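Chemist: Using only what follows, build the 3D model:
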Amino acid sequence: MRPIRIAALVVVAAAVVAFAGVGRPDLAGGASAAAGGITVSGTGTVQSVPDEAQFSLGVQSTGPTAREALAANSGQMRRVLAALLAAGVAKGDVQTQDVSVSRSYQDTGYTADNTVSVTIHDLAQAGSILDAASNAGANDVYGPTLTRSDQAGLQAKALRAAVDNARTKARILAEAAGVRLGGVTAITEGGDEAMPVYAADLAKRAPSAPIEPGKQETQAMVRVTFSIG
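Modeler: Numbers count the residues shown, from 1 in each chain. Got it, this is the predicted structure:
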């Protein structure tokens with residue numbers, strides 16, 4: 001009978017150990033029983049008026065051979081580049097995008113293309129700069145894409161607004177739940193993006209086409225966790 005009694009005592013001890021973990025997830029599963037809080041998302045938006053424009057200017061030329069087509073195209077593009085610099089565009093604001101030579105669809109020779117991107121920092125001068133490029137031989141004009149020069153500062157303002165928005169949401173939730181809102185315990189940036197303004201294609205517009213800047217939005221998103229008490 002003695003072995004039976006010892007076995008019964010072992011069973012009782014095991015039961016005590018098992019029930020000791022009930023209500024103590026920090027001991028059983030590794031999570032903290034004190035963990036908790038309010039997690040919310042916040043969005044901040046800043047509006048601004050664009051002050052820069054980017055255009056794509058291209059030159060297309062033809063010739064009986066690839067060499068002649070490219071030579072004609074290169075001479076024409078040099079005149080366009082010279083006109084841009086003379087109109088006040090800085091050399092660092094002009095960048096080659098694409099140069100190509102291909103047989104024409106009618107099989108009558110070759111077609112050469114050269115395209116550059118141009119950034120204009122003074123929108124008031126955009127019309128006269130495009131005029132100069134067109135008069136010098138640019139026969140493909142696309143754009144503009146309108147942006148802000150101080151985009152980093154606008155993104156910082158949008159982030160601050162996003163955090164304020166998250167804090168407002170958290171306060172409302174804490175009040176509704178009857179708890180006290182504490183400090184920030186975690187914060188994650190969801191992403192920010194400036195929405196550029198695209199104007200119509202200017203390839204077939206008359207010279208000195210007016211450029212209206214309109215408005216653009218810079219948006220930031222965050223996810224914030226607040227402690228509660």
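
Chemist: pLDDT below threshold where in the protein?
Modeler: Applying pLDDT under 70 to the chain flags the ranges 1-35, 191-212.

Chemist: what about the helices in it?
Modeler: Along the chain, counting by DSSP state H, helices occupy 2-20, 25-28, 66-86, 126-136, 151-177.

Chemist: Mind checking those helices for the one nearest to residue 111?
Modeler: Among those, the nearest to residue 111 by C-beta to C-beta is helix 66-86 (6.2 Å). For every residue, glycine as well, the C-beta is placed using N, CA and C.

Chemist: Now for residue 100, how many residues are close by?
Modeler: Residues near residue 100, counting by other C-beta atoms under 10 Å, number 12.

Chemist: which of the helices of the chain is buried the deepest?
Modeler: helix 126-136 (a mean of 20; mean count of other C-beta atoms under 10 Å).

Chemist: wait, residue 143 sits on residue 53?
Modeler: Yes - under the contact definition of C-beta atoms under 8 Å, residue 143 touches residue 53, with a separation of 6.8 Å.

Chemist: how about stretch 106-120: buried residues?
Modeler: 110-120 (16 or more other C-beta atoms under 10 Å).

Chemist: okay, these in a markdown table with distance to residue 228 next?
Modeler: Below are the buried residues of stretch 106-120 laid out as a markdown table (distance: C-beta to C-beta, whole Å):
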| residue | distance to residue 228 |
| --- | --- |
| 110 | 72 |
| 111 | 68 |
| 112 | 68 |
| 113 | 63 |
| 114 | 63 |
| 115 | 57 |
| 116 | 57 |
| 117 | 52 |
| 118 | 54 |
| 119 | 49 |
| 120 | 52 |
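
Chemist: for those, which one is nearest residue 213?
Modeler: For those, the residue nearest residue 213 by C-beta to C-beta is residue 120; the value is 11.6 Å.
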